[in-house]
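Student: whatever this is, show me its structure:
(one chain, ligands or ions: 1)
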Amino acid sequence: PITLALWCLTGTNLQALMEQVKKPSSSAEIVVVISNRPGVMGLKRASMAGIQTRVVDHKLYGSRAEFDGTIDKVLEEFGVELVCLAGFMRILTGPFVRKWSGKMLNIHPSLLPSFKGVNAQKQALQAGVRVTGCTVHFVAEEVDAGAIVVQEAVPILVTDTEDSLSERIREAEHRAFPAALELVGSGAVKLRDDGRIVWNQSV
Ligand SMILES: N[C@@H]1O[C@H](COP(=O)(O)O)[C@@H](O)[C@H]1O
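Tutor: Predicted structure coming up:
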């Protein structure tokens, strides 16, 4: 199976991916869960599931390059082949992103390219759109701009608050991230050197 590292915060996407890789049909195995914040719920979920965890606290490093270098060592230490980011809010350096190009997925709570950046749910509410959703994409040097693997749309209700909308988007994320993981893990989807996606129909 493809070896997976997961970046987490509260870890609800981690939970969904842990359920997914338990399935006999899954092409992946989670070998390490990492966070840049000690004590977050995601790390507790991983430990309870018997998965190794690592904290790489960005506040302890003098530069992004040092921080990314340490993450890279952890990923190499565990022989990671695919990295899944959920709730990772730091901008990665170019050399790191280029090294892990095609092997790093991120989930974003909007239908990219709409509503990039933070508070995507609030942006959608303020824009008055009637549909939003989530996107799983390959990580590129430009934030929230990598090639899209999976998207799922959700309606915005007139009664929605940021919380109620975020909850509905999260439910969609917990379907979209496992689906994207299996598409990339099985080789059905690959990233070309030019940053475009290749769909391997025979897989
Ligand atoms: N980037 C965003 O961060 C959140 C992480 O949630 P969780 O997986 O830690 O619950 C998700 O909503 C994701 O879209």
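Student: so which bits of the helix or strand where Ile169 lies are buried?
Tutor: For Ile169, the host element (DSSP states H and E) is helix 162-185. With burial defined by 16 or more other C-beta atoms under 10 Å, the residues of helix 162-185 counted as buried are 165-166, 168-170, 172-174, 176-178, 180-185. All C-beta atoms are positioned from the backbone trio N, CA, C, and that covers glycine.
Student: following element in sequence after that helix, please.
Tutor: strand 189-191.
Student: elements contacting that next one?
Tutor: Packing partners of strand 189-191 (3 or more C-beta pairs under 8 Å, 6 or more residues apart in numbering; DSSP states H and E): helix 162-185, strand 197-199.
Student: so which of the ones you listed comes closest to the ligand?
Tutor: The ligand sits nearest to helix 162-185 of all the helices and strands packed on strand 189-191, at 5.6 Å, using C-beta to the nearest ligand atom.
Student: residues of the chain that sit close to the ligand?
Tutor: 8-14, 42, 86-87, 107-109, 170, 173 (C-beta under 6 Å from any ligand atom).
Student: what does the helix or strand bottoming out on mean pLDDT in the chain contact?
Tutor: Of all helical and strand segments in the chain, the minimum by mean pLDDT, DSSP states H and E falls on strand 2-7, at a mean of 74. Contacts with strand 2-7, where a contact means C-beta atoms under 8 Å, 6 or more residues apart in numbering, come from 14, 17, 21, 27-36, 42, 46, 74-75, 78-88, 181, 185.
Student: next, the angle from that strand to helix 162-185.
Tutor: Here strand 2-7 points in a direction 160 degrees away from that of helix 162-185 (axes from the mean of the first three to the mean of the last three C-alpha atoms, to 10 degrees).
Student: for this protein, what are the low-confidence residue spans?
Tutor: 8 (pLDDT under 70).
Student: please redo it, this time with the cut-off set to 90
Tutor: 1-10, 27, 87-91, 200-203 (pLDDT under 90).
Student: what ranges do the helices span in it?
Tutor: Taking DSSP state H to define them, one finds helices in the chain at 12-22, 41-48, 64-77, 94-99, 120-127, 162-185.
Student: quick one: the closest residue to Ala46 other than its chain neighbours from Val143, how far?
Tutor: Excluding the flanking residues, the one nearest Ala46 by C-beta to C-beta, 6 or more residues apart in numbering is Val33, at 3.7 Å. From Val33 across to Val143, the span is 23 Å (C-beta to C-beta, to the nearest Å).
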